[in-house]
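Visitor: here are the coordinates; sequence isn't available:
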Ligand SMILES: Cc1cc2nc3c(=O)[nH]c(=O)nc-3n(C[C@H](O)[C@H](O)[C@H](O)COP(=O)(O)OP(=O)(O)OC[C@H]3O[C@@H](n4cnc5c(N)ncnc54)[C@H](O)[C@@H]3O)c2cc1C
């Protein structure tokens, strides 16, 4: 295990590995990622793996939108096979939430996310099997997709090191 480092990142979930990758990509030479168990052994490994753009607060939406190219262009940016399937995303709300939904869609469109509010009739065209009994406009948010499990990045030059029993270790 490395004795010294420029930056030590603790936690090998999606956040820690992303930080380590971003640092090395930005040119930081000695980044050590410490993981007490296995990579993605926390919430990241239990995620439904849905990458969506439809969030109700702008900060989350901006983060998701900024990360989207990384998932979309995974083979070019990270190496290895694609981990991402573009599926589209559909959320449906009741009449009481229609106005809030339209404001939400306006906010998302304002930051560049390709999303629209549909009428029930438009939804029927898009998804004929859906039966809508209200006049609420459901939104669709594109893009959304599902990534496969995380993997070590060849692009970052990360090297995997075995964990020592009783202590944390990670790539140098
Ligand atoms: C059932 C479920 C479904 C989900 N579905 C989605 C989804 O579809 N889409 C989505 O965007 N989000 C989803 N999420 C949320 C998402 O999974 C989490 O927001 C995300 O994984 C959090 O990542 P993290 O890196 O912060 O934490 P974690 O993945 O929990 O990683 C933290 C890591 O730190 C390690 N660690 C902790 N303490 C130490 C220490 N002292 N030393 C060394 N290592 C340490 C842990 O072992 C762990 O591996 C879902 C979550 C759950 C539980």
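Guide: Nice, thanks for sending it over. Since this is a predicted model, take the numbers as computed values, not measurements.
Visitor: buried ones in stretch 108-118?
Guide: The neighbour-count check on stretch 108-118 (16 or more other Cβ atoms under 10 Å) flags 108, 113, 115, 117-118 as buried. Backbone N, C-alpha and C define where each C-beta goes, glycine included.
Visitor: can you list the residues of this structure near the ligand?
Guide: Residues of the chain found near the ligand (Cβ under 6 Å from any ligand atom) are 10-16, 34-37, 41-44, 46-50, 168.
Visitor: Tell me which entries of those lie within strands.
Guide: Among the residues of the chain next to the ligand, DSSP state E puts 10, 34 in strands.
Visitor: low pLDDT regions in the protein?
Guide: Under the criterion pLDDT under 70, the flagged ranges of the chain are 1-2, 132-172.
Visitor: give me that answer again for 50
Guide: Counting by pLDDT under 50, the chain shows low-confidence ranges at 135-136, 144-156, 164-172.
Visitor: Just give me the residue closest to the centre of it.
Guide: residue 51 (4.5 Å; Cα atoms, centre = their mean).
Visitor: hey, what's that one bridged with?
Guide: Applying DSSP bridges to residue 51 gives these bridge partners: residue 145.
Visitor: Okay, strands next: where are they in this protein?
Guide: Under DSSP E, the chain gives strands at 7-10, 31-34, 84-86, 89-90, 114-117, 139-142, 145-147.
Visitor: can you pull out the helices in this protein?
Guide: Assigned by DSSP state H, the helices in the chain fall at 14-25, 43-46, 58-72, 74-78, 98-110, 120-126.
Visitor: in the last one, what counts as buried?
Guide: If I follow you right, that is helix 120-126. The neighbour-count check on helix 120-126 (16+ other Cβ under 10 Å) flags 120, 123 as buried.
Visitor: Return the distance of residue 41 relative to residue 5.
Guide: 22 Å (Cβ to Cβ, to the nearest Å).
Visitor: Tell me how far stretch 114-127 lies from the chain's centre.
Guide: On the basis of Cα atoms, centre = their mean, to the nearest Å, stretch 114-127 sits 24 Å off its chain's mean C-alpha point.
Visitor: and if you look at stretch 17-27?
Guide: So, by Cα atoms, centre = their mean, the centroid of stretch 17-27 is 16 Å from its chain's centroid.
Visitor: And for stretch 46-57?
Guide: With Cα atoms, centre = their mean, you get 7 Å for stretch 46-57.
Visitor: Start and end of that stretch, how far apart?
Guide: Taking Cα to Cα, to the nearest Å as the measure, stretch 46-57 stretches 24 Å from start to finish.
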